[in-house]
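Peer 1: pasting the sequence and the predicted model now:
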Amino acid sequence: MKEMIGTWMQIANNDITRILSNKKFDFICADMEHSSFCIKDFSDMVHTLQGSTTKPFARVESNEEMAIRKVLDMGAEGIIVPLVNNKEQAEKAVSFCQYPPEGKRGFAFCQANDYGDRFDEYAKNANRDILLLLMIESKQAVDNIEDILSVKGVDGVFIGPYDMSGSYGITGQIDHDIIKEAIKRVAIACKKYQKMAGIHIVTVTEEKVKFAKEQGFTFLALGMDTVFINEGADNAARIAGRK
Ligand code: 3PY
Ligand code: MG
């Protein structure tokens, strides 16, 4: 499976989009669940990425029809849906992402199809080309991983380690053996179903990237704009003796 290495944004700002896309990431995901990123911000991000090789992705705020439809219509090339716990929720996400007859996405002239200029081409290819990754971030989701992966239209899953740690009652201990075991279970199931295994490595270390790749994860979201700023600022303050 083709590897995709990307990053994550919580601060809606075109300069940040450019700085990150200059690093040749395969995708940048706007976090619309845990930040102030709104639909207009996402639209700006898509415009800013035009002409680059970095694809715009959105982690939508919830598994709801309009939350998903709006980012698709702005030109999202990948959708990440948080907190999917079972097959029924997975089927719902697919139906929101796909045009009929597979799903219930609405047709319209919009940013994604250049305001109608590419309507036919876009309508023909969208169901095939847009990636749908469902977030596995609870014990229940891990227990239901095969059911979730079996749903047609689901391209893969994406682990949210922090929510997962909370769900297992070890909040924040994302390197705990329990979480590592859960991650391995998800990776094995992805191999079985030939679907993408993804994970958010929020604070990037060589060790974490190596572990994920060894397990077979091919979709890695590395860091986040806020974390990069924090790490850089911590470093500068430390060098000057302030921390
Ligand atoms: C989590 O760790 O729960 C996440 O959602 C990361 O994006
Ligand atoms: Mg989460």
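Peer 2: On my side now, so go ahead. Note that this is a predicted model, so its numbers are computed, not measured. Ligands and ions are numbered 1, 2, ... in the order given.

Peer 1: drop to CA atoms for contacts and neighbour counts, all remaining ones
Peer 2: Fine.

Peer 1: burial check on G232, number of neighbours?
Peer 2: The number of residues packed near G232 is 12, by other CA atoms under 10 Å.

Peer 1: for it, grab phi and psi.
Peer 2: Here is the backbone geometry of G232 (degrees, to the nearest 10): phi -60, psi -40.

Peer 1: how close does it sit to I11?
Peer 2: G232 sits at a distance of 16 Å from I11 (criterion: CA to CA, to the nearest Å).

Peer 1: and the protein, which of its residues are near ligand 2?
Peer 2: Taking CA under 5 Å from the ion as the measure of proximity, the chain contacts ligand 2 at G160, D163.

Peer 1: let's see it at 8 Å
Peer 2: Counting by CA under 8 Å from the ion, the residues of the chain close to ligand 2 are P82, L83, M135, E137, G160, P161, Y162, D163, M164.

Peer 1: just send those back as TSV, with pLDDT, secondary structure and neighbour count too.
Peer 2: Below are these laid out as TSV (pLDDT from 0 to 100; DSSP: H, G, I helix; E, B strand; the rest coil; neighbours: other CA atoms under 10 Å):
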residue	pLDDT	secondary structure	neighbour count
P82	98	coil	21
L83	98	coil	20
M135	99	strand	26
E137	98	coil	25
G160	98	coil	22
P161	98	helix	26
Y162	98	helix	18
D163	98	helix	21
M164	98	helix	28
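
Peer 1: let me see the ranges of the strands in this structure.
Peer 2: Using DSSP state E, the strands assigned to the chain run over residues 4-9, 27-31, 55-59, 78-81, 131-136, 156-159, 196-201, 219-222.

Peer 1: how about stretch 1-14: buried residues?
Peer 2: Of the residues in stretch 1-14, I5, G6, T7, W8, M9, Q10, I11, A12, N14 count as buried by neighbour count, 16 or more other CA atoms under 10 Å.

Peer 1: just how off-centre is that stretch within its chain?
Peer 2: From the chain centre to the centre of stretch 1-14 is a distance of 8 Å (CA atoms, centre = their mean, to the nearest Å).

Peer 1: cool, and stretch 134-141?
Peer 2: Between the mean C-alpha location of stretch 134-141 and the chain-wide mean there is a distance of 14 Å, by CA atoms, centre = their mean.

Peer 1: what about A240, distance to ligand 1?
Peer 2: Plainly put, A240 is 31 Å away from ligand 1 if you go by CA to the nearest ligand atom, to the nearest Å.

Peer 1: count of residues packed around that residue?
Peer 2: As a burial measure, the neighbour count of A240 was computed by other CA under 10 Å and equals 9.

Peer 1: still on that earlier bit, could the buried residues of stretch 1-14 go into CSV alongside pLDDT?
Peer 2: Putting the buried residues of stretch 1-14 into CSV (pLDDT from 0 to 100) gives the following:
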residue, pLDDT
I5, 98
G6, 98
T7, 99
W8, 99
M9, 98
Q10, 98
I11, 98
A12, 98
N14, 98
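
Peer 1: any idea which helix is longest in this protein?
Peer 2: Across the chain, the longest stretch assigned as helix under DSSP state H is helix 177-193.

Peer 1: quick one: the helices in the protein?
Peer 2: Assigned by DSSP H, the helices in the chain fall at 14-21, 39-49, 65-74, 87-97, 119-129, 139-143, 145-149, 161-167, 177-193, 206-215, 225-239.
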